[in-house]
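> need coordinates for the below:
(2 chains)
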Amino acid sequence: MRNGTTIGIVRFPGSNCEQDCFEPLRHDFPEQGYAVQARYLWHRSGSVDGVDAILIPGGFSFGDYLRSGALAQLSPVIRAIREFADQGRPVLGICNGFQILTESGLLPGALTQNRQKQFLCQTVAMRVENITTPFTQQYTQGKTIHLPIAHADGCYVADDETLDQLEANQQVVFRTLMDVNGSDNDIAGICNKAGNVLGMMPHPERALTPSALTSAHGRTLFESLLTWLATNNNAPLPTLAC
Amino acid sequence: MPAATLSPAKLSAVYPPLTELQAHNALPGFNLTASEYALIDAGMQQALGRAPNMNELAMFSVLWSEHCCYKHSKHLLKTLPTEGERILQGPGENAGVVSLGKDSTGETLGLAFKIESHNHPTAIEPHQGAATGVGGILRDIFTMNARPIASLNALRFGSLQPNETTTEAQAARNRYLLRHAVEGIAHYGNCVGVPTIGGEISLDARYNGNPLVNAMAIGLVYGDTLMQSGMPADAAGIGNPVIYVGSDTGKDGMGGAAFASKELDESSADDRPAVQVGDPFLEKLLIEACLEAFATGYVVSAQDMGAAGLTCSGAEMSAKNNLGMTIDLDKVPAREPGMLPHEYLLSESQERMLFVVARGHEADVMAIFEKWDLAASVVGTVVAEPVLTFTHQGEVVAQVPPRLLTDDAPLYEEALSPPEPETLRARREKNWDDAAWPDIQPNEVGHWLKTLLGHPNMANPSPIYQQYDRHVRNNTRLSSETNTSGVIRIRDKQGKPTGKAIAATVDGRSWDVLLNPHAGAAGTVAEAARNLVCVGAEPLAVTNNLNFGDPEKPDNYYHMAMAVKGMGQACVAFNTPVTGGNVSLYNEHGGAPILPSPVIGMVGLLEDDAQTCGASFTQPGDVIALLGGFNPGLGASQYQLARCGTVFGEPPAVDLAMEKALQALMLTGHHGAWWHSATDVSLGGLAVTVAEGCMPTSLTSAKHPVLGASIDVAVLDTNDRRLDTLLFGETHGAIVVSFSPEKHAAVEAACQAAGVGCTVLGTVTESPTLTLSKGDTSLVSADMTELFNVWSTAFGHALERTH
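Reported below is the predicted structural model:
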């Protein structure tokens, strides 16, 4: 068995949730017995060698100028992430990370401005629709969870054909119970067909301990991923492109 | 300083010293008086043997504005307490810093915090005006090498609905200003990734045309790494390079500081070029790059370029230790070619910093800026001579002794305790007219409760706050839209939670200050401290924002002077020194001043971040009690404002010793984990406070109330008060708490020992109904869902009113 797993957290100019993801992986989860470490991947890096999963955090990469995520997808690290994802390895995009995944074509559809034309920061009730992904294995199918959202461009849109495919393939992973921002089919998170790339607007990293503000329902997502990686790392890994 | 030792380069012939006539003609445009010019001329003659030229006069005009030199308020500010055992940095730097003690690794945790206004820019261009207010205060924080961890804001806007003193057009303008100011604050704060954890919003027709946006920022600095703006005067300091980093310099914000020291009138829209445009993305890069650069140890001093831009930063950095700088304007990155010297000197383009770096280490620091895609340039050198010299195309275009610009600015010292103007005394002494406004009947209580809960000053401000990212950085325990303060966890340098948390609040009680500035301002400090102890934090220190009208008018000066006096007394009593702040005068529109609005930003410490609670009841069966004193009055109350259309009489009195005892008792209770909820009796009085206790917090998934309360107020009616006074009168020194019945004896005993009143009012009920009675008389039996709908939709409706 390899010496624990390493999560690579991608940093773009304008990322602002990278620390929120990094600190729990560095402190909370190891204290709970997970053999995990985290390290940052600078956006100019053309390689993601040595990491077992990639997390693209939230924020306003490149100021979200032009369109959210539109400039970030031009960074060299994206090509490496695409190769990584093609090998079936886990890639998680949260909020701006989800926007970057759709802009870079790793996930279908697009994230547009909230129907209210306002930034929305609130805790939202959503259903876990697919528990077969590396990120959701420890949730209960169909269970309602509460996660915080904080976005201006979280309205998921896709053409009818894409939406039909997403539904038919169980690619909708999180769906809000009510219309929150105008998203088609109340979509809050989707995965690719293989299930190893997940993009989601809510912030699981902000829901690790229960408080007056949030639940701890995000913890399950990280626990699912770390457990999946621990199992997966016993198996021979595909060779990484250098 | 003999003139002969100066000027290696010759003064440009294009910008010769002004003749007397030229100076005379230029003064009105520069907002300078003839006597101020005489001081400038004398200082220049003494140091340089000549009169100032036009560029130099322009520099004086901004640095000698109220915004930069506090000429009408410094003597008052000097009376405020500034020292205390926890104070690491008092007034005089970019921000105050207070010690939070040490983390588990023995490293000192310093909390940097400051408040600043962006009132005038917001009145002209609300989105950018408010946004750049946030950007500016954040730069004050990270310039100190403190990573920004939270921000708050105090917003005061005109009426959103037309009324006797607000026309339909004015109300529409106020709605537009508030909507866009909030949008600007939200966009800037959300993009830089600093959570907005609290604030307050008040509306009054006296802010028509002149809204207030006061932004407060908080940052964390580890160990002995505070960055200073002053430079060492020893040999190591001389010859160090001056580095400019950040946004290019453009013509925006020309003379913004001078513009902020003028009254607003119909021609103010012409000042739109004086409003800067913010770029939060660039600010985010600056935060990361500056903190990374400071960590190298090669940065000697740093200053952000805020009001008065390059002139102010260069002067302030040099003046600290009486040094000078020579700066080549040709090296300053410019947004457009052909800019004139005074445009470089006065530009208030946002997101720019000035660094002094240890000689020989320019490359190390520049590499960091390059990594973050930031434009940076070595623009000058530190010199031993106390002269600030700017060259342009090889010639000297301005040359001024730095201290003449800063320390030697004129001061207008009026009395510390001026007499009360007659009109103000008459308003304060006006009695409630029982015939005109008779007491309310029991069956009218419900109507008034809904009226107050549905007024934007008391309604749920979630339509505003949900636009702010309150969670980013993942430390927020409470945000203050429905709680008394925001609470955030403190992490150590390694990013691990220390177990400590800080709380912060911003508060103003403008109506109280209008009637009695001394009591009103002392009460504002008391309220801020109460807000902190309600969430379990020990009050530590204060930053203040003094927003008043033209200080040369007696009423306004009286309000300011007496407010500072009351504020100082309360800060001494609570041991919460003032570490800095901001003064914003000339807040007038159409010749009428705003409500006098001193705003208090206060920070507090929780040694254990688990020992906190919110404002809403949590457990059915809990005891609801009122702690402290209950001395409600209608003067300055929201009920009075709603019923009489104005305020008069005495505002609530504040008993500082009792407040102090109440604060200590609240903390004792938090340490014993007694309180399930705590909130002070504030706007709208007891009835509104109890109703709000039954509201679900806006962030829980439940969008409907799940609890109620049953309250009997007879026990409080010790003075045979009017019913409206009892229920809606406002008071200081009173906190409503809920706790488990098992804790009752302990609470009673602690209150008795501390000499703090404890009055049981009722219980938290499982059914979502608010029942208010006075002995056998039923006053209200209201479905909480109905009250919740009134309370939670009012703000949205007020903002969206379109007809």
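
> quick one: B:Gly581 from chain A, how far?
Distance of B:Gly581 to chain A, computed by Cβ to the nearest Cβ, to the nearest Å: 28 Å. The C-beta positions use only the backbone N, C-alpha and C, and glycine is treated the same way.

> contacting residues around that residue?
Going by Cβ atoms under 8 Å, 6 or more residues apart in numbering or on different chains, B:Gly581 touches B:91, B:114-116, B:542-546, B:601.

> same thing but at 6 Å, please
B:115, B:543-545 (Cβ atoms under 6 Å, 6 or more residues apart in numbering or on different chains).

> that one: which element?
For B:Gly581, the host element (DSSP states H and E) is strand B:578-584.

> neighbouring strands for that strand, and are they parallel or not?
Its sheet considered, strand B:578-584 pairs with strand B:538-547 (parallel) by DSSP bridges.

> dump the contacts of B:Gly581 to CSV, plus pLDDT.
Listed next are those as CSV, based on pLDDT from 0 to 100:
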residue, pLDDT
B:Ile115, 98
B:Thr543, 98
B:Asn544, 98
B:Asn545, 98
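
> neighbour-wise, which of those leads?
In terms of neighbours by other Cβ atoms under 10 Å in any protein chain shown, those top out with B:Asn544 at 30 neighbours.

> ok so, going back, quick check, nearest of the contacts of B:Gly581 to B:Thr451?
When these are ranked by distance to B:Thr451 (Cβ to Cβ), B:Asn545 comes first, at 30.2 Å.

> returning to what we had before: any idea which of the contacts of B:Gly581 is closest to chain A?
B:Ile115 (22.5 Å; Cβ to the nearest Cβ).

> that closest one touches B:Ala217, doesn't it?
No. In this structure, B:Ile115 is not within contact of B:Ala217 by Cβ atoms under 6 Å, at 8.1 Å.

> name the SS class of residue 230, please.
Unless you meant another one, I'm taking chain A. Following DSSP: H, G, I helix; E, B strand; the rest coil, we place A:Ala230 in the helix state.

> leaving out chain neighbours, which residue sits closest to B:Ser117?
B:Ser584 (4.0 Å; Cβ to Cβ, 6 or more residues apart in numbering or on different chains).

> which ones are touching the one you found?
Counted by Cβ under 6 Å, 6+ apart, B:Ser584 has contacts B:117, B:119, B:547.

> ok, now B:Cys571?
The contact partners of B:Cys571, taken as Cβ under 6 Å, 6+ apart, are B:81, B:525, B:542, B:578.

> residue contacts, the residue in the stretch 51-200 of chain B that chain A sits nearest to?
Closest to chain A within the stretch 51-200 of chain B is B:Gly193: 2.6 Å, counting by Cβ to the nearest Cβ. Counting by Cβ under 6 Å, 6+ apart, B:Gly193 makes contact with A:16, B:472.

> which positions in chain B make contact with chain A?
B:186, B:190-191, B:193, B:281, B:284-285, B:466-467, B:469-471, B:474, B:477-478, B:495-496, B:614, B:699, B:701 (Cβ under 6 Å from any Cβ of the partner chain).

> of these, select the buried ones using a PyMOL command.
Selecting only the buried entries of the residues of chain B next to chain A in PyMOL, with 16 or more other Cβ atoms under 10 Å in any protein chain shown as the criterion:
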select buried, chain B and resi 186+190+191+193+281+284+285+466+467+469+470+471+474+477+478+496+614+699
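
> among the residues of chain B next to chain A, which are in strands?
Counted as lying in strands by DSSP state E, out of those, are B:477-478.

> which ones among the residues of chain B next to chain A are found in helices?
Secondary structure assignment by DSSP state H places B:186, B:190-191, B:281, B:284-285 of the residues of chain B next to chain A in helices.

> checking my notes, B:Val756 in a strand, right?
No. Counting by three-state DSSP, B:Val756 is not part of a strand but coil.

> correct me if wrong: it contacts B:Ala664.
No. Using Cβ under 6 Å, B:Val756 is not in contact with B:Ala664, being 8.5 Å away.

> which of those two has more residues huddled nearby?
B:Val756 (21 against 15).

> return the distance of the spatially closest residue to that one that is not a sequence neighbour relative to B:Gln752.
By the measure of Cβ to Cβ, 6+ apart, the closest residue to B:Val756 outside its immediate chain neighbours is B:Leu665, 4.8 Å from it. Counting by Cβ to Cβ, to the nearest Å, the gap from B:Leu665 to B:Gln752 is 10 Å.

> please say which of these two ends up with more neighbours.
Between B:Leu665 and B:Gln752, B:Leu665 has the larger neighbour count (other Cβ under 10 Å), namely 23 against 11.

> thought B:Ala754 was touching that one, still the case?
Yes. Using Cβ under 6 Å, B:Leu665 is in contact with B:Ala754, at 4.7 Å.

> so B:Ala782 sits right up against B:Leu770, yeah?
Yes. Using Cβ under 6 Å, B:Ala782 is in contact with B:Leu770, at 4.8 Å.

> of these two, which one has the most company?
Remark: of B:Ala782 and B:Leu770, B:Leu770 carries more neighbours, 26 against 22, as counted by other Cβ under 10 Å.

> quick check: next helix or strand after the helix or strand hosting that one?
Using DSSP H and E, B:Leu770 falls within strand B:769-774. The C-terminal neighbour of strand B:769-774 among helices and strands, as given by DSSP H and E, is strand B:777-783.

> and the contacts of that next one?
So strand B:777-783 is contacted by B:442, B:445-446, B:770-773 (Cβ under 6 Å, 6+ apart).

> tally of neighbours for A:Gly33?
8.

> that one: which element?
Here A:Gly33 is assigned to no helix or strand, by DSSP H and E.

> quick one: it from B:Arg491, how far?
Here the distance between A:Gly33 and B:Arg491 works out to 22 Å (Cβ to Cβ).

> cool, and B:Asn545?
Remark: distance between B:Asn545 and B:Arg491 (Cβ to Cβ) = 28 Å.

> how confident was the prediction at residue 1?
All of this refers to chain A. pLDDT for A:Met1: 36.

> wait, I meant chain B there
With respect to pLDDT, B:Met1 scores 36.

> what about the residue lying closest to B:Ile149 once chain neighbours are set aside, is that helix, strand or coil?
Excluding the flanking residues, the one nearest B:Ile149 by Cβ to Cβ, 6+ apart is B:Leu220, at 5.3 Å. Using three-state DSSP, the structure places B:Leu220 in strand.

> show me the contacts for B:Leu220.
Counting by Cβ under 6 Å, 6+ apart, B:Leu220 touches B:146-147, B:149.

> could you do A:Gln73 as well?
A:100, A:103-104.

> quick one: it and B:Thr725, what's the gap?
63 Å.

> other SSEs contacting the strand holding B:Leu770?
strand B:708-712, strand B:777-783 (3 or more Cβ pairs under 6 Å, 6 or more residues apart in numbering or on different chains; DSSP states H and E).

> got the CA coordinates for that strand in CSV?
Taking Å, rounded to 0.1, in the frame of the first residue of the first chain, the C-alpha atoms of strand B:769-774 are listed here in CSV:
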residue,chain,number,x,y,z
THR,B,769,-47.4,31.1,19.0
LEU,B,770,-46.3,34.3,20.7
THR,B,771,-48.5,35.0,23.7
LEU,B,772,-48.0,38.3,25.5
SER,B,773,-50.0,39.1,28.6
LYS,B,774,-49.9,41.6,31.4
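
> averaged pLDDT, that strand. What do you get?
The average pLDDT for strand B:769-774 rounds to 97.

> list the strands paired with it, with their directions.
strand B:708-712 (parallel), strand B:777-783 (antiparallel).

> stretch A:111-125 close to chain B?
Yes. Against chain B, stretch A:111-125 shows contacts by Cβ under 6 Å from any Cβ at A:118-123, A:125.

> switch those residues over to TSV; also include distance to B:Val396.
Converted to TSV, those look like this (distance: Cβ to Cβ, whole Å):
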residue	distance to B:Val396
A:Gln118	51
A:Phe119	48
A:Leu120	54
A:Cys121	52
A:Gln122	57
A:Thr123	60
A:Ala125	67
